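> Sharing a sequence plus its predicted fold:
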Amino acid sequence: MSQGLKRAIYPGSFDPITNGHLDILDRSLQLFSEVVLVVAGTGHKSPLFSGEERVELIRNVTADRKGVRVDLHSGLIMDYARSNHISAVIRGLRAASDFEYEFMMASMNKQLNPQVETVFMMTSQNLYFVSSSIIKELFRYGGDISNYVPPEVVKRLKEKVKSNQK
């Protein structure tokens, strides 16, 4: 492993975190000594969970993984990387349709912070169709999401729906 690639960030909305996210995280931990999951601003998305709720949920789900930190950041990811001495950003790709957007984002990020490399990782074949949006949609219509998210996520989604019905 290169001396310069010991710490990486894995940014995302993680609303909620899925087994696809965890797949990318686990494989990233084989490459980097520390991976910081950065719950980033959601931009145009309307999150179900607040940023603080997502951080707490991710911390609970990843508590048994060595080398994982979780943080909340609402600004530019490249500014976060610079101020935290991080040399790589991890991006998961599910399908070819993800690549174009991610490639443009990586190119812009390189302009903003040339010291940070982007590492693209393909999601495992059994999870390539899983996204937080699809999970929320499936859950809203009573579908079984237990194969696609950790048990803690299922529990928190049920609690969230129950509290929203009050």
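Here it is on my side, so go on. Residues are numbered from 1 along each chain as shown.
> Could you pull out the strands in the chain for me?
7-12, 34-40, 68-73, 88-93, 117-122 (DSSP state E).
> Direction included, what does the first one pair up with?
Pairing partners of strand 7-12, with direction, according to DSSP bridges: strand 34-40 (parallel), strand 88-93 (parallel).
> Identify each buried residue in it, please.
Neighbour counts over strand 7-12 (16 or more other CB atoms under 10 Å) mark Arg7, Ala8, Ile9, Tyr10, Pro11, Gly12 as buried. C-betas here are computed from N, CA, C, even on glycine.
> And those residues, which is closest to Val68?
Tyr10 (9.2 Å; CB to CB).
> Quick one: low-confidence residue ranges for the chain.
1-5, 42-45, 165-166 (pLDDT under 70).
> ranking the strands paired with strand 7-12 by burial, who's on top?
Mean neighbours per residue, mean count of other CB atoms under 10 Å, is largest over the strands paired with strand 7-12 for strand 34-40, with a mean of 23.
> Any chance you could list what contacts it?
Contacts with strand 34-40, where a contact means CB atoms under 8 Å, 6 or more residues apart in numbering, come from 6-14, 17, 21, 25, 28-29, 51, 54-55, 58, 62, 67-74, 77, 80, 84, 86, 90.
> In contact with Tyr148, which residues?
Thr18, Asn19, Gly20, Leu127, Val130, Ile135, Leu138.
> Okay, the residue nearest to it when sequence neighbours are not counted and Arg7: tell me how far apart.
Using CB to CB, 6 or more residues apart in numbering and skipping the chain neighbours, the partner closest in space to Tyr148 is Val130 (4.8 Å). Relative to Arg7, Val130 is positioned 26 Å away (CB to CB, to the nearest Å).
> Please apply the same query to Leu31.
Taking CB to CB as the measure, Leu31 falls 11 Å from Arg7.
> same deal with Val61?
20 Å.
> Next: Val39.
Distance from Val39 to Arg7, by CB to CB: 17 Å.
> now swap in Asp64 and tell me
Using CB to CB, we find Asp64 at a distance of 20 Å from Arg7.
> out of the strands of the chain, which comes closest to Asn147?
strand 88-93 (18.0 Å).
> and the residue nearest to Tyr148, what is it in contact with?
Neighbouring residues of Val130 by CB under 8 Å, 6+ apart: Thr18, Asn19, Gly20, Arg94, Thr123, Tyr148.
> Narrow those to those in helices?
Judged by DSSP state H, the contacts of Val130 include Asn19, Gly20 as members of helices.
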